[in-house]
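please work out how this folds:
(2 chains)
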2 protein chains.
Amino acid sequence: MESHEAYSQLEKKIKRISNLSDAISLLSWDSQTIMPSGSSDVRAEQIATLSVLKHEEMTSTLIFDLLAKIDTEELTDWQRANVREIDRIYKTATALSAELVDARSRAQHHCEAVWRMARKDSCFDLVAEPLNQLLEITREIAAVKADKFNMEPYDALLDEYEPGAKAENLDTIFDYLEPRLTQLLQNVLEHQKKNNYSDISFQVSEKKQKKLGLKLMAKQGFNFQKGRLDKSAHPFSGGIPDDVRITTRYDEQDWASSLMGVIHETGHALYEQGLPRAWRGQPVGLARGMVLHESQSLALEMQACRSREFFTFLAPVIAEEFGVTGVNWSAGELHQKCLRVTPNCIRVDADELTYPLHVIFRYRLEQALLNGELTVKELPSAWNEIFMNNFGFMPPNDKEGCLQDIHWYDGAFGYFPTYTLGAMAAAQLFSAALKDKPKTLSNLEKGDFSDLLIWLREHVHSWGSYYSTDEVIKRATGSPLDPSFYISHLESRYMQ
Amino acid sequence: MESHEAYSQLEKKIKRISNLSDAISLLSWDSQTIMPSGSSDVRAEQIATLSVLKHEEMTSTLIFDLLAKIDTEELTDWQRANVREIDRIYKTATALSAELVDARSRAQHHCEAVWRMARKDSCFDLVAEPLNQLLEITREIAAVKADKFNMEPYDALLDEYEPGAKAENLDTIFDYLEPRLTQLLQNVLEHQKKNNYSDISFQVSEKKQKKLGLKLMAKQGFNFQKGRLDKSAHPFSGGIPDDVRITTRYDEQDWASSLMGVIHETGHALYEQGLPRAWRGQPVGLARGMVLHESQSLALEMQACRSREFFTFLAPVIAEEFGVTGVNWSAGELHQKCLRVTPNCIRVDADELTYPLHVIFRYRLEQALLNGELTVKELPSAWNEIFMNNFGFMPPNDKEGCLQDIHWYDGAFGYFPTYTLGAMAAAQLFSAALKDKPKTLSNLEKGDFSDLLIWLREHVHSWGSYYSTDEVIKRATGSPLDPSFYISHLESRYMQ
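Residues are numbered from 1 along each chain as shown, chains lettered A, B, ... in the order given. Below you'll find the predicted structure:
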């Protein structure tokens, strides 16, 4: 078989696996949005079967044989990048035995189910043992991959969410960020005391909130021919590039939270919808990783839509949609309220400034848990202590402390850091977009996102997984990921 | 390997295939309800991949080997019935080459897509050639199966929807029914002339209609922990026993149509939800076939919910839910309106009495198409002629004639007869239920469906595919499927 024929067969095989993945995405979206409550067991079985089939297909020797037959010199650049990605995914898939994958899947499923009860009752003891078991398996997986790919165990976990990321770099970045963020937080809290915030509570129906959300999604360039907005307990972005399913939640007392949720998920959706169309169903056509993904949601939510310019557009739209008037609903007043910084126990409710501090301490705690410096039993008190150091008060209970996030209880160790790397990347990319397209911000006053979208399409979305995250950022902004953009952004926004 | 071990392995293998089927069901439901319009191509690819995987799994030699190792004497009755069903499905799956299955799938997809345009423009010529190709492949499939299983070609097609059904029996039944239905129709139309029907048009919002639908579903015993009600272009019942998804449509000018749609699909859903729990994921635990399935929807819709007793319950509920009063909304008036017979071009809008006539002439036409007595080109005029003979007028165009139903254009030859066999079975089963539980009808005056549901659970639902359709009917009613019950029911209802 010649090289071209082997490559063509490989693409076909991979497309079939991609269809399986896509089916899993839809089943999973459905289970998080509209599935009847009593159907979770059968759904878990369906997803498990499809996952096993996918794993069997991805580890088949046919892929190994085809990869061996391909002469990458004969391929186009994109084909070569695709083979590189397929090779990486194949090696990752074959690194772990089916037994270990299965054991992790069961431990995750069990721990997550127990966590839901533990969180409900705010009782960490309930979930300590399941978490311990899941941690054991996670350590084993990290060790196997670290050994096979000659990398640090924690990096092997990071790699699942952000290929190529390294704790060594994270440490440098977070060591730079943390003292600056802490200092900035003190300054901002001091600075804020000078302002009066009128607390207006205003009830907005779910229907009105949804209508506004859909309107903004359209303004931002969401393609409704290939996607939907729905409701779920926690906002998320799911589905696939040609069928993106984003969700939000509606609190009638807090319309801003739902709106910012929609804007955030729309950023994720635009990335998916802008991935290279010619490479659908091939690894090189997929989103690069969680860092760039989060950078796209935050470029919209935090960079574009917390700008004064966007609020100039938003205020009259809100006045019309909600039927409100008065100085409380002016662009200036709404904007100032939206930028208010208030340390809070809950990460997902955190403001832009305290959010990275939530992430950094989770990063340190998960490393300590993984390398054994911290036992599971000690987690609640370690959490409270580090939280106290950061914010000067203690969470009232574990529900609002170490039980709040699903990540660890679902086995997602190594995920948290990508939130803050994403926020950094968003600041850096947005700053470059403003240089390249100087009208980006002033256009937002008219609700016109086209300059921003065109720039993101050109410099991020359309590259899929062709380049590494670092390469994308460097090519788009002229320098590698650099936390100073992020600090500058925060300082100029919050200390003006 | 001993027999028990082989049986246990077989169950496991089949369970995996069942999970694949279940995933396909959900993907398909989604595509018919909430999927964005631009996502149909990728969804078709996902479903195609899962279908190919399912076919590969179902035709694997492992199943053949395991079946060969099982000594059915050592099994329980239900295990033996399960092996019988697996063997049947395996033989059916292996009868056709992968190429033929693939060719049919493509021809269906193409013909259906063209049909949508042809129907929209009421232009049969557009779809004549695709239909011809699909018919060719269908003939080939029928011939292969007929040869392999030593049966008539048309019976091979029927078998996909109703295992074991034979045209020979259908002919006997339809030859009995047709003249009686035609005569009855004339009598009823004559009889109706004596009545005055006040035409009240009353607009009911979708929200109110949905609330009423959900209320009735609950009364009828639908388990909302394991199912949902949604909206779609055409009402249908989808999903799986532990996650039944029924749909309806809402016409604000015609609340009764949506309501009867909900009741009909709830009948299908109750069958699924009542299938034997211990046999989930195994063929013996599945619904027996389309005849019993339709009998369950019609037992609710036509037998129970078009009774005078049900309307005694329904009228005050409607008065409350819709906020209506007056003699037009009395039980008697509503009931009489709902039983009005009016020959109509469209099958899905047909009343209980004309519906079987629609089915019988489609049955005769599809046989003629398959055996070559009728060419595709001749179909529109043959349709109009036979329609004229039945109802005394002509469809104004092909859209309301031979282009109205998706079935043939989707390759579903042999499906239509199951509607009328189901209606017959519903009449016979309901009559037996009334004998066994004499309060069934009077309980409906209170909206109490429990006697009916318990009887259907015991005599139909809980048997899954353990018995044949004929056996289920005979055991439940004391006699084989007999069209005289159906005629008696129609005569007593419409000629009272």
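
and the residue of the stretch 51-200 of chain A closest to chain B?
Of all residues in the stretch 51-200 of chain A, residue A:53 sits closest to chain B, at 6.3 Å by CB to the nearest CB. In short, each C-beta sits where N, CA and C put it, glycine included.

got a list of what that residue touches?
Counting by CB atoms under 8 Å, 6 or more residues apart in numbering or on different chains, residue A:53 makes contact with A:20, B:20, B:53.

hmm, try it at 6 Å
Neighbour list for residue A:53: empty [criterion: CB atoms under 6 Å, 6 or more residues apart in numbering or on different chains].

list the buried ones in the helix or strand hosting it?
Residue A:53 belongs to helix A:40-58 when assigned by DSSP states H and E. For helix A:40-58, a neighbour-count test (16 or more other CB atoms under 10 Å in any protein chain shown) marks A:42-43, A:45-55, A:57-58 as buried.

swap in stretch A:246-265?
A:246-248, A:250, A:254-255, A:257-265.

next, give me the two most distant ones among the residues you listed.
Maximum pairwise distance in these, criterion CB to CB, is 18.8 Å, between A:246 and A:254.

can you get me the start-to-end distance on stretch A:372-386?
17 Å (CA to CA, to the nearest Å).

next one: that stretch to chain centre, how far?
Between the centre of stretch A:372-386 and the centre of its chain there are 25 Å (CA atoms, centre = their mean, to the nearest Å).

picking that back up, which of the buried residues of stretch A:246-265 lies closest to residue B:169?
Closest to residue B:169, out of all of the buried residues of stretch A:246-265 and judged by CB to CB, is residue A:247, at 51.6 Å.

check contacts around the closest one.
Taking CB under 6 Å, 6+ apart as the test, what residue A:247 contacts is A:230, A:231, A:232, A:235, A:236.

any chance of CSV for the residues you listed, columns pLDDT and distance to chain B?
Shown next, in CSV, are those (pLDDT from 0 to 100; distance: CB to the nearest CB, whole Å):
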residue, pLDDT, distance to chain B
A:230, 97, 8
A:231, 94, 12
A:232, 91, 14
A:235, 91, 18
A:236, 94, 17
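
dump the residues you listed to CSV, plus secondary structure and neighbour count.
Output for these, formatted as CSV (DSSP: H, G, I helix; E, B strand; the rest coil; neighbours: other CB atoms under 10 Å in any protein chain shown):
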residue, secondary structure, neighbour count
A:230, strand, 16
A:231, strand, 14
A:232, coil, 16
A:235, coil, 19
A:236, coil, 18
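
following the helix holding residue A:53, which helix or strand comes up?
Taking DSSP H and E as the definition, the helix or strand right after helix A:40-58 is helix A:61-69.

send me that following helix as PDB with only the CA atoms.
Extracted C-alpha coordinates of helix A:61-69, given in PDB (Å, rounded to 0.1, in the frame of the first residue of the first chain):
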ATOM      1  CA  THR A  61      -3.600  -2.200  15.300                       C
ATOM      2  CA  LEU A  62      -5.000  -1.000  12.000                       C
ATOM      3  CA  ILE A  63      -4.200   2.600  13.100                       C
ATOM      4  CA  PHE A  64      -0.700   1.500  14.100                       C
ATOM      5  CA  ASP A  65      -0.100  -0.200  10.700                       C
ATOM      6  CA  LEU A  66      -1.500   2.800   8.700                       C
ATOM      7  CA  LEU A  67       0.600   5.300  10.600                       C
ATOM      8  CA  ALA A  68       3.700   3.100   9.900                       C
ATOM      9  CA  LYS A  69       3.000   3.100   6.200                       C
END
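
what's in contact with the next helix-or-strand element following that helix?
Downstream of helix A:61-69, the next assigned helix or strand under DSSP H and E is helix A:77-95. By CB under 6 Å, 6+ apart, the surrounding residues in contact with helix A:77-95 are A:58-59, A:63, A:67, A:70, A:72, A:145, A:148, A:282-284, A:465-466.

from these, list just the buried residues.
A:58, A:59, A:63, A:67, A:70, A:145, A:282, A:283, A:284, A:465, A:466.

what's the closest non-adjacent residue to the third one?
Here the nearest residue to residue A:63 in space, its sequence neighbours aside, is residue A:90; by CB to CB, 6 or more residues apart in numbering or on different chains that works out to 5.3 Å.

go on, residue A:352?
residue A:302 (5.5 Å).

likewise residue A:419?
In space, residue A:419 comes closest to residue A:359 once its chain neighbours are excluded; the distance is 5.0 Å by CB to CB, 6+ apart.

burial of the one you found, as a residue count?
23 (other CB atoms under 10 Å in any protein chain shown).

and the helix or strand encompassing it, what's its mean pLDDT?
In the assignment (DSSP H and E), residue A:359 maps to helix A:355-371. Helix A:355-371 shows a mean pLDDT of 98 in the predicted model.

tell me the residue of the stretch 351-496 of chain A that sits nearest chain B?
For the stretch 351-496 of chain A, CB to the nearest CB, closest residue to chain B: residue A:464, 16.3 Å.

typo on my end, the stretch 201-350 of chain A
Of all residues in the stretch 201-350 of chain A, the one sitting closest to chain B is residue A:225 (3.4 Å; CB to the nearest CB).

which parts of chain A belong to which domain?
Following automatic domain parsing, one gets these domains for chain A: A:3-95, A:120-496.

which one of these lies closest to residue B:421?
domain A:3-95 (30.3 Å).

picking that back up, now the residue of the stretch 201-350 of chain A closest to chain B: closest residue in space, sequence neighbours ignored.
Here the residue nearest residue A:225, using CB to CB, 6+ apart, is residue B:38, at 3.4 Å.

with residue A:313 instead?
residue A:447 (4.3 Å).

kindly report the same for residue A:242.
residue B:42 (4.4 Å).

likewise residue A:489?
Closest to residue A:489 by CB to CB, 6+ apart is residue A:427, at 4.2 Å.

and if you look at residue A:112?
Distances taken as CB to CB, 6+ apart place residue A:410 nearest to residue A:112, at 4.9 Å, with adjacent residues excluded.

distance check, the one you found against residue B:105.
Residue A:410 sits 38 Å away from residue B:105, taking CB to CB, to the nearest Å as the criterion.

now swap in residue A:346 and tell me
Residue A:346 is 50 Å from residue B:105, by CB to CB.

residue A:283 now?
For residue A:283, the distance to residue B:105 - CB to CB - is 27 Å.

residue A:182: neighbour count?
15.

same check on residue A:117?
The burial count for residue A:117: 11, using other CB under 10 Å.

for it, which non-adjacent residue is closest in space?
Here the residue nearest residue A:117, using CB to CB, 6+ apart, is residue A:126, at 6.2 Å.

select the longest helix from chain A.
helix A:3-33 (DSSP state H).

between that one and helix A:61-69, how many degrees?
140 degrees (axes from the mean of the first three to the mean of the last three CA atoms, to 10 degrees).

which parts of the worst-scoring helix or strand of chain A on mean pLDDT are buried?
Among the helices and strands of chain A, helix A:98-121 carries the lowest confidence by mean pLDDT, DSSP states H and E, at a mean of 90. Across helix A:98-121, burial judged by 16+ other CB under 10 Å covers A:101, A:103-105, A:107-109, A:111-112, A:114-115, A:118-119.

same deal with stretch A:137-157?
A:137-139, A:141-142, A:144-146, A:151, A:153-157.

residues making contact with that stretch?
Outside stretch A:137-157, the residues that touch it by CB under 6 Å, 6+ apart are A:95, A:103, A:104, A:107, A:166, A:167, A:367, A:411, A:413, A:414.

how about the residue nearest the centre of chain A, phi and psi?
Most central in chain A under CA atoms, centre = their mean is residue A:294, positioned 4.4 Å from the mean C-alpha point. In this entry, residue A:294 is assigned phi and psi values of phi -70, psi -30 (degrees, to the nearest 10).
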